[in-house]
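K.L.:
Based on what follows, work out the 3D shape:
(chains A, B, C and D)
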Protein chains: 2
Amino acid sequence: MPENPDGIGAAFAPHDHSHCSSRALNDATERLATEGGRLTPVRRRTLEILLESHRAMGAYEVLDRLAAEGFGRQPPVAYRALEFLVQHGLAHRLQRLNAFAACLHPGADHQPAFLICSECDRIAEVPSGPMRDALGDVASGAGFVVDRVTVEAVGTCAICAEARA
Amino acid sequence: MPENPDGIGAAFAPHDHSHCSSRALNDATERLATEGGRLTPVRRRTLEILLESHRAMGAYEVLDRLAAEGFGRQPPVAYRALEFLVQHGLAHRLQRLNAFAACLHPGADHQPAFLICSECDRIAEVPSGPMRDALGDVASGAGFVVDRVTVEAVGTCAICAEARA
DNA sequence: AGACGACTGTAACACTATAACAGAACGGAG
DNA sequence: CTCCGTTCTGTTATAGTGTTACAGTCGTCT
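P.N.:
Numbering: from 1, shown residues only, chains lettered A, B, ... in the order given. This is a model prediction of the structure:
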């Protein structure tokens, strides 16, 4: 697998993480400037914490970090910041894990599918368009109108497969 | 939409529910006979409770029912019965809802996609084969080997759409 | 300065899930 | 039938996840 810093499944290939993380932060700032959201200190710090790894973090894990840095130490502090990020497309919530992960491609209006490595807990986003189309077809056969779709796959990433071989 | 008791999205069409529920119960009994699982009283009752509606139920909702009927009243009672049903393909767990729903097509070895009506909370299972194939393609592009996939769509079912019109 | 809205923090609580252990029920070997 | 190992049921206690309600703070606009 070649280096491919910004592409599909980038999280599962070696890459310059400080680059992808600072880029996401810049994208976020721009995006909010046009949309009107305020990236306050807690919110910004929450995003940075999520961006430090390609993992999903539980709200309480984020909260511990925030509290250690002088922010509030009650659950709503983390939940509110995370909710803000999710609403503005800067982070995603992973249902299978009760956890949150930074969005690596903010700006693209998207609703990605997630690949979750069960060995190293890393997360990757991949486009879900084809799947949403396929689901829309079956759903409309049942008279169901789809609003939001969650697609989350658990499996083994390239790095862990390699390590095991 | 015609009557189509056992087909795709059956939950969203009028149908003879006592039929589809008793059939699922029979399927379950047969399936366990060949597989070696024991459908004990708590487990059987748990399945019946799930089958009473085409909704997903929280573990504690199930637990209340069980307790009222003389079974244990502590969480593990419900969680163990539900886990057993899920492991044997007789029920599904819905990540978006932290809840469980009876499987209406046991026997078919499947991993369906779910349609969840946000107005009436009814659930339907639809085949997820096409979606899993599509996801497998993108995933392998990232060197990721998919094990299990969760596909859950939130939207509006035929019955509620009709009622609103 | 005053007023308003948005943001941050706290306490208290509700819901979801698991660990650890004791006794009861079942099934096979003798 | 009895003994024994296994599986199942139930309990207490505790961990983890998420929300409600309310008070104070900060920015901004007149």
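K.L.:
Quick check: the closest residue to A:Asn98 other than its chain neighbours vs A:Ser118, distance?
P.N.:
Spatially, and ignoring its direct neighbours in sequence, A:Asn98 is nearest to A:Gly58 (6.4 Å; CB to CB, 6 or more residues apart in numbering or on different chains). Backbone N, C-alpha and C define where each C-beta goes, glycine included. Using CB to CB, to the nearest Å, A:Gly58 is found at 16 Å from A:Ser118.
K.L.:
Please apply the same query to A:Ala124.
P.N.:
Shown here: A:Ala124 relative to A:Ser118, a distance of 13 Å by CB to CB.
K.L.:
higher neighbour count, those two?
P.N.:
Taking neighbours as other CB atoms under 10 Å in any protein chain shown, A:Ala124 and A:Ser118 compare with A:Ala124 leading, 27 against 12.
K.L.:
I'd like to know which elements the top strand by length along chain A is packed against.
P.N.:
Among the segments of chain A that qualify as a strand by DSSP state E, the longest is strand A:145-156. Here strand A:145-156 touches strand A:113-117, helix A:129-141, helix B:129-141, strand B:145-156, going by 3 or more CB pairs under 8 Å, 6 or more residues apart in numbering or on different chains; DSSP states H and E.
K.L.:
Which pLDDT value goes with A:Ala139?
P.N.:
You'll see A:Ala139 listed with a pLDDT of 94.
K.L.:
Pretty sure the residue nearest to A:Asn98 sits against A:Ala99.
P.N.:
Yes. Look at A:Gly58 against A:Ala99 with CB atoms under 8 Å: they come within range, at 5.0 Å.
K.L.:
Tell me which of those two has more neighbours.
P.N.:
More neighbours surround A:Ala99 than the other of A:Gly58 and A:Ala99, with 22 against 13 (other CB under 10 Å).
K.L.:
excluding its backbone neighbours, what's nearest that one?
P.N.:
In space, not counting the residues next to it along the chain, A:Ala99 is nearest to A:Ala56; the distance is 3.8 Å by CB to CB, 6+ apart.
K.L.:
who's in contact with that neighbour?
P.N.:
Applying CB atoms under 8 Å, 6 or more residues apart in numbering or on different chains to A:Ala56 gives the contacts A:94, A:97, A:99-101, A:116, A:121, A:123.
K.L.:
What does the pLDDT read for it?
P.N.:
Model confidence at A:Ala56, expressed as pLDDT, equals 96.
K.L.:
just the one 10 residues further on next, same as before
P.N.:
pLDDT recorded at A:Leu66 is 98.
K.L.:
Run through the residues that contact A:Met156.
P.N.:
Actually, residue A:156 is Thr rather than Met. Under the criterion of CB under 8 Å, 6+ apart, the neighbours of A:Thr156 are A:117-119, B:144-145, B:147.
K.L.:
Output these in CSV; the columns should cover distance to A:Phe12 and pLDDT.
P.N.:
As requested, those are exported to CSV (distance: CB to CB, whole Å; pLDDT from 0 to 100):
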residue, distance to A:Phe12, pLDDT
A:Cys117, 7, 95
A:Ser118, 13, 92
A:Glu119, 11, 90
B:Phe144, 6, 95
B:Val145, 11, 95
B:Asp147, 15, 93
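K.L.:
That concludes my questions; thank you for your assistance.
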